[in-house]
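K.L.:
Here is the input, now give the coordinates:
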Amino acid sequence: MDKKLFFKNVLFTFIAFAIYKLIGKFAISRIENSVINVFVTELTLFICAICCAFATKKMSTLKWQKKGFGTGILVGLIILCLQILNLFVWIYQYIRGVQTVTISGGEIILFFVAMVMVGVSEELMFRGVLLSSCLEYFGESSVSSLKKSIIISGSIFGVFHIFNVLIGASLVGSIVQALNAVVLGIVFGVIYVRS
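P.N.:
You can find the predicted model right below:
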């Protein structure tokens, strides 16, 4: 991949993510129901991710590959177990009266679907488009080029999370989330390359 095409793919990823955040800030934020707000926001990210993959000709990253499926499931299960533990802590706090919430069954389903869309969308944009573009640009022939691709795509993934300031998150909170996302982006990049 030549330099111009590489930067075009990075730019498309940036534009898709920025559109998602701006739509969330100026259009979707007016939705009163927070669960519907989250669902519509993440649906916007999903649409932006698909458009980004089409624009960069990376839709092939969605194809099913048997290679590495077990590794992906194992890592996914670890993350799922951590989230289930988090859910149990929240339920315990709710039962003890520390947390109060009123939410319907339909809203729970919408929220669950929204969270699945986040994972699919971010993986498509940042591993499917951005990391695969880095791998094509820097090459996959040496360990150093693999590391460079993973670190660059993971760092961009993290930096993009600072955009959460646009949707009302604090600057400090967004920076902390960005640092966490850099680490996760690198971990997910290693998993992507290995599987």
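K.L.:
give me the element the spatially closest residue to residue 130 that is not a sequence neighbour is part of.
P.N.:
Excluding its sequence neighbours, the residue lying closest to residue 130 (C-beta to C-beta, 6 or more residues apart in numbering) is residue 153, at 4.7 Å. To be clear about C-beta, it is placed using only N, CA and C from the backbone, and glycine gets the same treatment. Secondary structure from DSSP states H and E places residue 153 in helix 143-160.
K.L.:
after that helix comes which helix or strand?
P.N.:
That would be, after helix 143-160 and using DSSP H and E, helix 171-194.
K.L.:
Compute the inter-axis angle for that following helix and helix 143-160.
P.N.:
Counting by axes from the mean of the first three to the mean of the last three C-alpha atoms, to 10 degrees, helix 171-194 lies at 150 degrees to helix 143-160.
K.L.:
Residues contacting helix 171-194, please?
P.N.:
With contact meaning C-beta atoms under 8 Å, 6 or more residues apart in numbering, helix 171-194 is reached by 68, 71-72, 75, 123, 126-127, 131, 135, 140, 146, 149-151, 153-165, 169.
K.L.:
let's see it at 6 Å
P.N.:
Identification of contacts with helix 171-194 by C-beta atoms under 6 Å, 6 or more residues apart in numbering yields 75, 127, 131, 146, 150, 153-155, 157-158, 161-162, 164-165.
K.L.:
which pair in these spans the largest distance?
P.N.:
146 and 165 (32.1 Å; C-beta to C-beta).
K.L.:
which of those two has more neighbours?
P.N.:
Legend: neighbour count by other C-beta atoms under 10 Å for residue 146 and residue 165, higher for residue 146 (19 against 16).
K.L.:
For the more buried one, give me its contacts.
P.N.:
residue 193.
K.L.:
how near is it to residue 158?
P.N.:
19 Å (C-beta to C-beta, to the nearest Å).
K.L.:
Over to residue 95?
P.N.:
From residue 95 over to residue 158 (counting by C-beta to C-beta), the distance is 35 Å.
K.L.:
Which one of these two is surrounded by more residues?
P.N.:
residue 158 (21 against 9).
K.L.:
what about the closest residue to the more buried one other than its chain neighbours, neighbour count?
P.N.:
Nearest non-adjacent residue to residue 158, counting by C-beta to C-beta, 6+ apart: residue 182, 3.1 Å away. Residue 182: 18 surrounding residues under other C-beta under 10 Å.
K.L.:
One more: the one 4 residues further on?
P.N.:
Taking other C-beta under 10 Å as the criterion, the count of residues near residue 186 is 19.
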